[in-house]
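In: attaching a predicted model along with its sequence, questions to come.
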Amino acid sequence: MESSSSCSSTAADLPQESFLQRTLELLPSTQSLKLTAEEALPVAVVAIQRYLSEPTDGQHQEQHLDSYSYDVTITDGVWRAKCFLHPSLNHLVHRNTLRTGTDISIRQCSFVYNERRLGHGYICIEKLGFSAEMSSVLPRINNISSLPLLVKHGMEGSLVLQSDVPLQVSRKHYLSLWNNDDPEGDMWISGSASSDPVLDVSKVTLLSTLESSFRVSWKPLPLLVKIIHKSRLRYYGKFGLKIDYPYQTYFEVADQSGTMSLVLWNELCPEYYQRMNVGAVLYLQNYTLKQSYSNRSRPQMDHHRMKNFTSVEICLNPRNPAAVITVVSQKSVLPQWGLPEVSYQFTTRSELEKMSNGSACDVIGLVTFVGRVERVRSKGNKAPEKYWTYRWVHAVDGTSDRPFILELFSSSQPEIFNQICPMTYLVCTQMRVCQVEGSLPYLTSSCETEIFITGYHKGQPYVSDPRVKSFIQWTKTLKDNVVLQKTAVGGHYCYPPPPQRFSQSTTDTSGQIPLVAVSDLKRELESLQYREHKKLAIQGEITAVRYTKSPKTTEEGTAVPNEPEHGASDTHKDPAQPNAEDCLMSPSSDRSKPSSRKRRNQFSKAASSSLSCASTPAKRTLHHKNAKEREEEEEEESASAYEEVQQEQQECQDSWESRSWSKQRAEISEHLQQGGLHQDSISRRFTFDEKSALLLWSNLQPTRWTPGTAADALPHVPCLGHYQLTVLGINKQIAVDAAFLPVVRSDDPRAVGRSQDPHDNSTLCCLSSGFLCPLDSTDRDRELTLHESEEILATAGELENTHVVCVLDLCQLGGDKVEILINKVYRVTDVTLD
């Protein structure tokens with residue numbers, strides 16, 4: 001081991017002093033290869049990259065605390081350094097507390113040599129703190145890739161350290177940060193081949209002959225086929241699997257004799273997946289055949305009117321044998337090859353109600369609403385855990401006054417999925433119809449769904465479809481300024497609404513909303529990861545309702561920019577969920593006084609600030625008073641200011657409490673008060689001027705920072721009038737706060753598909769239906785007013801001692817921001833037990 005260290009000489013002559021360079025020089029000279037700094041200069045996070053973890057020596061796979069590891073690239077404005085994040089800090093990524101585009105301070109780090117490979121080592125971040133919300137380093141950088149990469153002297157020749165691959169050398173590639181379905185990194189090759197080789201098509205065989213050739217010793221003849229369907233990527237990596245690129249994807253291919261499945265395996269996926277598109281022609285050699293896997297999903301292909309060969313499938317492997325794949329350019333495709341045209345089954349919105357549940361269709365529409373990207377944990381999935389990413393979209397096609405309601409999961413097309421916005425033309429293929437009792441039908445993605453938006457339609461086979469041409473003609477009659485008034489982006493959105501009656505079955509639990517104990521709800525909140533959405537139900541009684549226009553803020557316990565230090569030595573906490581109890585659990589008997597004291601202290605500071613602006617004689621008089629008099633005067637000023645604010649709040653809010661709540665509040669063991677309505681809970685109107693900012697806001701945190709993103713921050717919008725409810729669990733031990741934002745406008749995206757049966761606007765009716773009756777159809781900026789709230793809460797007495805079931809939507813919005821919204825409230829008379 002070297003006794004001293006310096007950095008790569010590629011930027012040794014840079015004039016600026018570098019904190020990262022100095023740190024790397026000092027690390028190898030320390031006795032334990034570890035540095036601790038009380039005051040560290042800020043460095044900016046420019047990339048966070050994820051990959052499957054590898055168990056350390058002596059650690060069994062089932063004992064592995066986290067399925068994934070993270071490499072974090074940081075910069076001090078002079079150098080870039082790719083560092084390994086200590087596993088005890090992974091929770092900061094899980095909740096998007098550690099994210100790209102912000103500054104951190106490294107409080108403790110170490111240098112780790114790879115003991116099984118010469119010339120390989122890296123910095124490990126073990127403790128860190130957070131600086132201000134806005135980075136002080138990044139505004140000085142125009143091109144992050146132009147900054148040299150910091151590598152220890154003597155390790156400059158390591159391709160791993162210089163390449164876009166993980167620092168843990170047993171892993172060869174990165175995964176997408178928030179799901180496992182999207183291509184990630186430089187290894188994914190896009191585009192077509194530069195030149196076409198000469199093809200010998202005289203000896204090609206037809207798909208119809210392959211079934212009879214299966215299990216027979218034969219040398220496969222070349223195939224000439226066209227891709228008619230394409231699935232998303234499947235990552236099947238797991239601990240102990242000795243495959244460098246564990247990917248799989250399948251296609252449906254066709255020739256003049258029929259259709260058959262084709263499976264692309266392992267490292268062939270990065271090389272060919274983005275080049276093998278629907279409509280492409282393939283010349284295949286050295287393929288193998290195997291019996292078809294019956295349990296996977298398949299596209300519906302009746303509209304092709306071709307024979308489907310389903311007993312065997314074509315396999316393209318990287319070795320044993322190594323498949324030879326030629327993607328034939330369109331200009332070289334000859335008509336005499338007899339390859340079929342790609343066929344579609346476009347459905348209009350007016351036809352959707354007549355379609356059977358589960359049937360497939362293709363749709364085209366003009367996007368009017370795009371929801372934020374959320375994540376849902378894959379069910380029944382053991383380690384490594386997986387998340388699906390999805391978003392809701394509304395699109396119109398002119399055949400109905402109702403939009404398509406689309407649930408779009410990631411389709412391994414992140415460059416398109418992240419760019420969906422209002423006013424774009426959206427095409428979705430192989431969508432599945434979901435008929436909903438009491439609500440409008442919606443369409444959800446299948447594994448074979450592909451999506452395309454404006455800018456990606458050119459060259460797609462569907463452009464000549466008559467229904468696509470008809471849609472384009474309709475859009476020419478629209479005026480942009482009229483359509484823009486009906487658009488929205490982001491905010492809370494959930495579909496379909498819960499059923500009219502809540503049911504609980506002991507035999508069939510599929511499709512029903514889980515009913516959990518309030519104590520389990522606390523654990524569910526603690527386990528939520530960034531943008532993860534869950535729908536749960538609890539039973540109890542509503543003990544307090546308050547009308548407010550104030551969003552949830554950091555004052556109530558969420559993260560603030562200068563957080564305490566996070567580090568590997570915090571062993572007294574659960575490394576997966578730090579500070580969870582502090583965030584989510586607070587005995588209400590101990591809470592009221594400190595929070596009141598905190599508010600009074602803030603008003604005291606405000607009073608002091610106003611005194612400093614007084615006239616000079618007043619200042620002199622104040623200085624002559626003794627300390628006791630000054631303290632008494634400050635307390636009086638504080639009390640006066642506090643009372644004024646309290647009075648103002650009483651004027652802009654209305655509330656109701658059950659008669660027994662004041663006594664129950666003192667006796668309950670826990671009060672979960674973190675959840676509520678946040679700025680991110682409210683949708684915004686789309687404008688072209690704010691397009692980039694709205695996309696950034698509604699998408700997930702990007703893996704890499706790019707210049708200009710900080711300037712795209714959206715301004716805060718006034719919080720809409722809503723209710724803050726307190727639900728006391730049925731055993732009266734734990735209470736939880738949740739927000740209720742009723743639908744008040746007919747053009748609210750949440751109004752689409754919702755049953756709008758008339759009701760009397762009583763408290764329970766509003767909580768049950770989710771909307772005010774009737775919905776306003778004229779005022780685009782309409783919200784729940786104080787006057788309406790007073791009328792609604794005048795009937796809140798019906799909540800007294802009423803046993804209810806509350807359906808809650810939970811979503812982790814990043815950091816310590818947790819959205820807990822009331823979706824629907826059932827009386828126990830509206831509950832069905834099977």
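Out: Received, thanks. Source: prediction; values computed, not measured.
In: please count neighbours and contacts with C-alpha atoms only from this point.
Out: OK.
In: stretch 515-529: how far from the chain's middle?
Out: 19 Å (C-alpha atoms, centre = their mean, to the nearest Å).
In: was I right to think Ser292 contacts Glu313?
Out: Yes. Here Ser292 reaches Glu313: they are 5.3 Å apart, a contact under C-alpha atoms under 8 Å.
In: these two: who's more crowded?
Out: Using other C-alpha atoms under 10 Å as the criterion, Ser292 and Glu313 rank with Glu313 on top: 24 against 17.
In: now do the SS call for that one.
Out: Three-state call for Glu313 (DSSP: H, G, I helix; E, B strand; the rest coil): strand.
In: and the pLDDT for it?
Out: pLDDT for Glu313: 94.
In: show me what contacts it?
Out: Counting by C-alpha atoms under 8 Å, 6 or more residues apart in numbering, Glu313 touches Met260, Ser261, Leu262, Val263, Leu289, Lys290, Gln291, Ser292.
In: list only buried entries from the residues you listed.
Out: Buried members of the contacts of Glu313, scored by 16 or more other C-alpha atoms under 10 Å, are Met260, Ser261, Leu262, Val263, Leu289, Ser292.
In: now the helices for the stretch 151-300 of the chain?
Out: Ranges of helices in the stretch 151-300 of the chain, per DSSP state H, counting those that start in this stretch, are 159-162, 210-213, 268-272.
In: if you compare those helices, which one is most tucked away?
Out: Among those, helix 268-272 has the highest mean neighbour count (mean count of other C-alpha atoms under 10 Å), at a mean of 20.
In: pLDDT (mean, whole number) over that helix?
Out: Mean per-residue pLDDT for helix 268-272: 96.
In: now do it: distance to the chain's middle.
Out: Centroid separation between helix 268-272 and its chain, computed with C-alpha atoms, centre = their mean, is 26 Å.
In: and for stretch 388-399?
Out: In terms of C-alpha atoms, centre = their mean, the centre of stretch 388-399 is found 17 Å from the chain centre.
In: now the buried ones among the contacts of Glu313 in a markdown table, with pLDDT and distance to Thr449?
Out: Shown next, in a markdown table, are those (pLDDT from 0 to 100; distance: C-alpha to C-alpha, whole Å):
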| residue | pLDDT | distance to Thr449 |
| --- | --- | --- |
| Met260 | 95 | 18 |
| Ser261 | 96 | 16 |
| Leu262 | 97 | 17 |
| Val263 | 97 | 17 |
| Leu289 | 93 | 25 |
| Ser292 | 89 | 21 |
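In: give me the subset of these lying in strands.
Out: Those of the buried ones among the contacts of Glu313 mapping onto strands are Met260, Ser261, Leu262, Val263, Leu289, per DSSP state E.
In: of those, which is the nearest to Ser446?
Out: Distance to Ser446 across those (C-alpha to C-alpha) is lowest for Ser261, with 16.3 Å.
In: now that closest one: how far from Asn699?
Out: Distance, Ser261 to Asn699, using C-alpha to C-alpha, to the nearest Å: 34 Å.
In: ok, Leu221 touching Thr205?
Out: Yes. In this structure, Leu221 is within contact of Thr205 by C-alpha under 8 Å, at 5.8 Å.
In: how about the ones in strands among the buried ones among the contacts of Glu313 in CSV, adding distance to Arg685?
Out: Output for those, formatted as CSV (distance: C-alpha to C-alpha, whole Å):
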residue, distance to Arg685
Met260, 46
Ser261, 44
Leu262, 44
Val263, 43
Leu289, 53
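In: Ile416 is in contact with Ile453, isn't it?
Out: Yes. Applying C-alpha under 8 Å, one finds Ile416 in contact with Ile453, separated by 6.8 Å.
In: ok, these two, which is more surrounded?
Out: Ile453 (21 against 17).
In: so what pLDDT did that one get?
Out: Model confidence at Ile453 (pLDDT) stands at 98.
In: quick one: contacts for it?
Out: Contacts of Ile453 by C-alpha under 8 Å, 6+ apart are Ile416, Ile420, Thr424, Tyr425, Leu426, Val427.
In: of those residues, just the buried ones, PyMOL syntax please.
Out: Filtering the contacts of Ile453 down to the buried ones (16+ other C-alpha under 10 Å) takes a single PyMOL command:
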select buried, resi 416+420+424+425+426+427
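In: can you pull the contacts of the residue nearest to Ala47 when sequence neighbours are not counted?
Out: Take Ala47 and drop its neighbours on the chain: the residue closest to it by C-alpha to C-alpha, 6 or more residues apart in numbering is Arg704, 4.4 Å away. Contacts for Arg704 were tallied using C-alpha under 8 Å, 6+ apart; they are Val46, Ala47, Ile48, Thr100.
In: for Trp697, same thing?
Out: Going by C-alpha under 8 Å, 6+ apart, Trp697 touches Arg372, Gly490, Ala713, Leu714.
In: wasn't it part of a helix?
Out: Yes. Per three-state DSSP, Trp697 lies within a helix segment.
In: any buried residues in the helix or strand where Glu25 lies, and which?
Out: Taking DSSP states H and E as the definition, one finds Glu25 inside helix 19-26. For helix 19-26, burial by neighbour count (16+ other C-alpha under 10 Å) applies to Phe19, Leu20, Gln21, Leu24, Glu25, Leu26.
In: bridged to the closest residue to Gln300 other than its chain neighbours, which residues?
Out: Nearest-residue entry for Gln300: Ala360, 6.3 Å, with adjacent residues in sequence omitted and distances by C-alpha to C-alpha, 6+ apart. Beta bridges link Ala360 to Arg432, judged by DSSP bridges.
In: and Ala360, what does it touch?
Out: Contacts for Ala360 (C-alpha under 8 Å, 6+ apart) come out as Gln300, Gln430, Met431, Arg432, Val433.
In: what distance do you get for it to Thr347?
Out: Distance, Ala360 to Thr347, by C-alpha to C-alpha: 9 Å.
In: with Lys479 instead?
Out: According to C-alpha to C-alpha, Lys479 and Thr347 sit 24 Å apart.
In: and if you look at Asp76?
Out: Asp76 is 54 Å from Thr347, by C-alpha to C-alpha.
In: quick one: which of those two has more around it?
Out: Between Asp76 and Thr347, Asp76 has the larger neighbour count (other C-alpha under 10 Å), namely 23 against 15.
In: need phi/psi at the nearest residue to the more buried one once chain neighbours are set aside.
Out: Computed as C-alpha to C-alpha, 6+ apart, the closest residue to Asp76 that is not its neighbour in sequence is Val43, at 4.8 Å. Note on Val43: backbone dihedrals following degrees, to the nearest 10 are phi -130, psi 150.
In: among the contacts of Arg704, which one lies nearest to Ser746?
Out: Nearest to Ser746 among the contacts of Arg704 is Thr100, at 37.9 Å by C-alpha to C-alpha.
In: quick one on the thing from earlier: in a markdown table, list the helices of the stretch 151-300 of the chain along with distance to Lys152.
Out: Below are the helices of the stretch 151-300 of the chain laid out as a markdown table (distance: least, C-alpha to C-alpha, whole Å):
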| stretch | distance to Lys152 |
| --- | --- |
| helix 159-162 | 10 |
| helix 210-213 | 56 |
| helix 268-272 | 30 |
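In: of those, which approaches Tyr174 most closely?
Out: Shortest distance between Tyr174 and the helices of the stretch 151-300 of the chain, using C-alpha to C-alpha, is found for helix 268-272: 11.6 Å.
In: name the helices or strands packed onto the closest one?
Out: With contacts defined as 3 or more C-alpha pairs under 8 Å, 6 or more residues apart in numbering; DSSP states H and E, helix 268-272 has these neighbours: strand 247-255.
In: tell me the mean pLDDT for the strand it packs on?
Out: Averaged over strand 247-255, pLDDT sits at 96.
In: just the CA coordinates for that strand, please, in PDB.
Out: As requested, the backbone C-alpha atoms of strand 247-255 are provided in PDB (Å, rounded to 0.1, in the frame of the first residue of the first chain):
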ATOM      1  CA  TYR A 247     -32.000  -9.100 -18.900                       C
ATOM      2  CA  GLN A 248     -34.700 -10.600 -21.000                       C
ATOM      3  CA  THR A 249     -37.200  -9.300 -23.500                       C
ATOM      4  CA  TYR A 250     -39.500 -10.900 -26.000                       C
ATOM      5  CA  PHE A 251     -40.900 -10.000 -29.300                       C
ATOM      6  CA  GLU A 252     -43.600 -11.400 -31.600                       C
ATOM      7  CA  VAL A 253     -42.200 -11.800 -35.100                       C
ATOM      8  CA  ALA A 254     -44.000 -12.800 -38.300                       C
ATOM      9  CA  ASP A 255     -43.300 -14.000 -41.800                       C
END
